[in-house]
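J.: Fold the following.
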Amino acid sequence: MIRDDLYKDAEYAKSANHDEEHGREIRKKITKVTIILTLITILEVGVGIVLTRPMLGGESWSWFGIKMFYIILTVVKAAYIVLVFMHLGDERKNFRWVILAPYILFILYLLFICITESTYILDVMRAPW
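T.: Sure thing, here's the model as predicted:
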């Protein structure tokens, strides 16, 4: 009995999904995803190394902007990971937003609660009793 996975004329070996061109496209997509995620991470780490809290003067508007920059980049990176690795990027645009929008809103809501509560606690700790 001849094994069909070793036999060159097997039916699946002629399939378009198993040719070298398709493999080249997959490797190109993997390289693109790796480069994009690496660049976003390098940008986040670089900003964290260069711009520190004492350099910006503690709790100023510029420090708040840096925190928002991190939050936005993190949400973008998470959405990109979901689009690529969960194959959501292959779906229709409306379906993508049906899946991503609730998660993005939920993350922003959690961040709002965290920032609001931490500000309240900071005000209570600074109050002269």
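J.: and the residue nearest to residue 89 when sequence neighbours are not counted, how many neighbours?
T.: Closest residue to residue 89 apart from its sequence neighbours, by C-beta to C-beta, 6 or more residues apart in numbering: residue 83 at 3.9 Å. Every C-beta, even on glycine, is put in place using the N, C-alpha and C of the backbone. Residue 83 is flanked by 17 other residues according to other C-beta atoms under 10 Å.
J.: Equivalent analysis for residue 28, please.
T.: Neighbour tally, residue 28, other C-beta under 10 Å: 10.
J.: Remind me what the helix or strand containing it packs against, helices and strands.
T.: Take DSSP states H and E as the rule and residue 28 turns out to sit in helix 20-50. For helix 20-50, the packing partners by 3 or more C-beta pairs under 8 Å, 6 or more residues apart in numbering; DSSP states H and E come out as helix 61-85.
J.: what's the next secondary structure element after the helix it packs on?
T.: Downstream of helix 61-85, the next assigned helix or strand under DSSP H and E is helix 93-126.
J.: so where's the protein shaky on pLDDT?
T.: For the chain, applying pLDDT under 70 flags the ranges 1-18, 53-61, 129.
J.: Not counting residues beside it along the chain, what's closest to the residue nearest the centre of it?
T.: Central residue of the chain (C-alpha atoms, centre = their mean): residue 77, 1.6 Å from the mean position. Ranked by C-beta to C-beta, 6+ apart and with sequence neighbours excluded, the top spatial neighbour of residue 77 is residue 40, at 5.1 Å.
J.: same question, residue 69
T.: Closest residue to residue 69 apart from its sequence neighbours, by C-beta to C-beta, 6+ apart: residue 47 at 6.7 Å.
J.: For the one you found, give its distance to residue 40.
T.: Distance, residue 47 to residue 40, using C-beta to C-beta, to the nearest Å: 11 Å.
J.: Next, find the distance separating the residue nearest to the centre of the chain from residue 25.
T.: From residue 77 across to residue 25, the span is 23 Å (C-beta to C-beta).
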